[in-house]
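Student: Fold the stuff below for me.
(one chain, ligands or ions: 1)
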Amino acid sequence: MPTAENERPMRIGEDFKVLLAADDIATRVRELGQAITRDYEGKELTLVAVLKGSFLFMADLARAIDLPLTCEFLGLSSYGSRRESSGIVKITQDLTQPVKGRHVLVVEDIIDTGLTISYLISNLRTRLPESVRIAALLYKPDNNKIPCKIDYLGFTIPNKFVVGYGLDLDGCYRNLPFIGVKSPDDAA
Ligand code: PRP
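Tutor: A predicted model of the protein is given here:
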């Protein structure tokens, strides 16, 4: 169970070791928001969050960006075992507004193999945006199969299965305020 002062004790998080504490995530997300604000000054931005895992990162990042922006949500699902992406990606919920001519910033919770983001970027480019960049909270280099340029990266993490702050295990644990690994077997 997390014991740091900045962690809210949660019974559902008892089985997880904290990899990234809530305060550290909040600090990094604010820094990313400031960088994005500087880089897109004078432009209008469309954030495209990849559901479901990005919903908390999107909510916090959007509030850390001091620019006019619109928020879109794209449902993507990759099939395979519960812990590994298969590379077969399906759109389960499409954008509600066209992104043609817009500056699009994709908001991803994690880039692991890179298969999902690779599919997504190719798909978005067919919609003729003015620009497309990527903001990812987490990146696992050890498991990456398709390299991509991450313009705004929160943290590089080891090749462990992580949950919390939007990321799930069989649909659960997305509401943990920290990012954790199953302990003790999967502990970093
Ligand atoms: C997760 C995550 C990314 C993708 C990254 O989504 O949110 O979209 O996997 O993995 P990759 O780089 O190996 O493709 P998931 O399919 O688990 O759906 P979810 O966001 O609804 O949990």
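
Student: Give the other helices and strands that the helix ranked longest in the chain contacts.
Tutor: Counting residues, the longest helix in the chain under DSSP state H turns out to be helix 22-39. In terms of contacts (3 or more C-beta pairs under 8 Å, 6 or more residues apart in numbering; DSSP states H and E), helix 22-39 is packed against helix 55-64, strand 131-139, strand 152-156. No exception for glycine: its C-beta is placed from N, CA and C like everyone else's.

Student: Return the most buried member of these.
Tutor: Mean neighbours per residue, mean count of other C-beta atoms under 10 Å, is largest over those for strand 131-139, with a mean of 22.

Student: Quick one: list the elements packing against it.
Tutor: Applying 3+ C-beta pairs under 8 Å, 6+ apart, one finds that strand 131-139 makes contact with helix 22-39, strand 103-111, helix 115-125, strand 152-156.

Student: Which residue, other than its chain neighbours, is closest to the spatially most central residue of the chain?
Tutor: Taking C-alpha atoms, centre = their mean, the centroid of the chain lies closest to residue 109, which sits 1.3 Å from it. Spatial nearest neighbour of residue 109, excluding adjacent residues (C-beta to C-beta, 6 or more residues apart in numbering): residue 53 at 3.8 Å.

Student: sec struct for the one you found, please.
Tutor: coil (DSSP: H, G, I helix; E, B strand; the rest coil).

Student: contacting residues for the residue nearest to the centre of the chain?
Tutor: Counting by C-beta atoms under 8 Å, 6 or more residues apart in numbering, residue 109 touches 50, 53-54, 56-57, 136-138, 165-167.

Student: on that earlier part again, how about the CA coordinates for the longest helix of the chain, as CSV?
Tutor: Provided in CSV are the C-alpha atoms of helix 22-39 (Å, rounded to 0.1, in the frame of the first residue of the first chain):
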residue,chain,number,x,y,z
ALA,A,22,0.6,11.3,-8.0
ASP,A,23,2.5,14.5,-7.2
ASP,A,24,5.3,13.5,-9.7
ILE,A,25,2.7,12.9,-12.4
ALA,A,26,1.0,16.2,-11.7
THR,A,27,4.4,18.1,-11.8
ARG,A,28,5.4,16.5,-15.1
VAL,A,29,2.0,17.1,-16.7
ARG,A,30,2.2,20.8,-15.8
GLU,A,31,5.6,21.0,-17.4
LEU,A,32,4.3,19.4,-20.6
GLY,A,33,1.4,21.8,-20.6
GLN,A,34,3.8,24.8,-20.3
ALA,A,35,5.9,23.5,-23.2
ILE,A,36,2.9,22.9,-25.4
THR,A,37,1.6,26.4,-24.5
ARG,A,38,4.9,27.9,-25.6
ASP,A,39,5.2,25.9,-28.8
